[in-house]
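Student: Model the following, please.
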Amino acid sequence: MVTVNEELVKPAWQVIQVKNFNELVTLALTELVKQHQALPWPNLMELYGQGGIQADYDYKRLRIGEGE
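Tutor: Numbers count the residues shown, from 1 in each chain. Down below sits the predicted model:
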């Protein structure tokens, strides 16, 4: 059993014309997957050795506002 937030379902019914709740959930999940697949997420292993933290990076100085 899945519990769905009614505050999210109500506006979805108004925006998307579907026949039933199952179609609404299927469409929502399909769109979610499409959006995430369209994002240009890099393979993290491909980024290895491509830069990193600069030698003079000082997070403590930035934290207290001296690096601005």
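
Student: Give me the helix or strand of this protein that scores worst on average pLDDT.
Tutor: helix 44-47 (a mean of 76; mean pLDDT, DSSP states H and E).

Student: helix or strand right after that helix?
Tutor: Following helix 44-47 in sequence order, the next helix or strand is helix 59-63 (DSSP states H and E).

Student: In the chain, which residue is most central in space?
Tutor: His36 (7.3 Å; CA atoms, centre = their mean).

Student: So that residue: helix, strand or coil?
Tutor: Three-state assignment for His36 (DSSP: H, G, I helix; E, B strand; the rest coil): helix.

Student: Flag every buried residue along the least confident helix or strand of the chain.
Tutor: Going by neighbour count (16 or more other CB atoms under 10 Å), nothing in helix 44-47 comes out as buried. All C-beta spots, glycine's among them, are computed from the backbone N, C-alpha and C.

Student: Restricting to C-alpha, output it in PDB.
Tutor: As requested, the backbone C-alpha atoms of helix 44-47 are provided in PDB (Å, rounded to 0.1, in the frame of the first residue of the first chain):
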ATOM      1  CA  LEU A  44      31.900  10.400 -11.300                       C
ATOM      2  CA  MET A  45      34.700   8.100 -12.300                       C
ATOM      3  CA  GLU A  46      35.200  10.100 -15.500                       C
ATOM      4  CA  LEU A  47      35.700  13.200 -13.300                       C
END
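
Student: if I pick Leu27, what's in contact with it?
Tutor: Ile16, Val18 (CB atoms under 8 Å, 6 or more residues apart in numbering).

Student: Relative to Val18, how far out is it?
Tutor: 6 Å (CB to CB, to the nearest Å).

Student: for Thr3, same thing?
Tutor: On the measure of CB to CB, Thr3 and Val18 end up 20 Å apart.

Student: Which one of these two is surrounded by more residues?
Tutor: Taking other CB atoms under 10 Å, Thr3 and Val18 do not tie; Val18 has more neighbours (14 against 5).

Student: That one: what secondary structure?
Tutor: Classified using three-state DSSP, Val18 is coil.

Student: got the contact list for it?
Tutor: Per CB under 8 Å, 6+ apart, neighbours of Val18: Leu24, Leu27.
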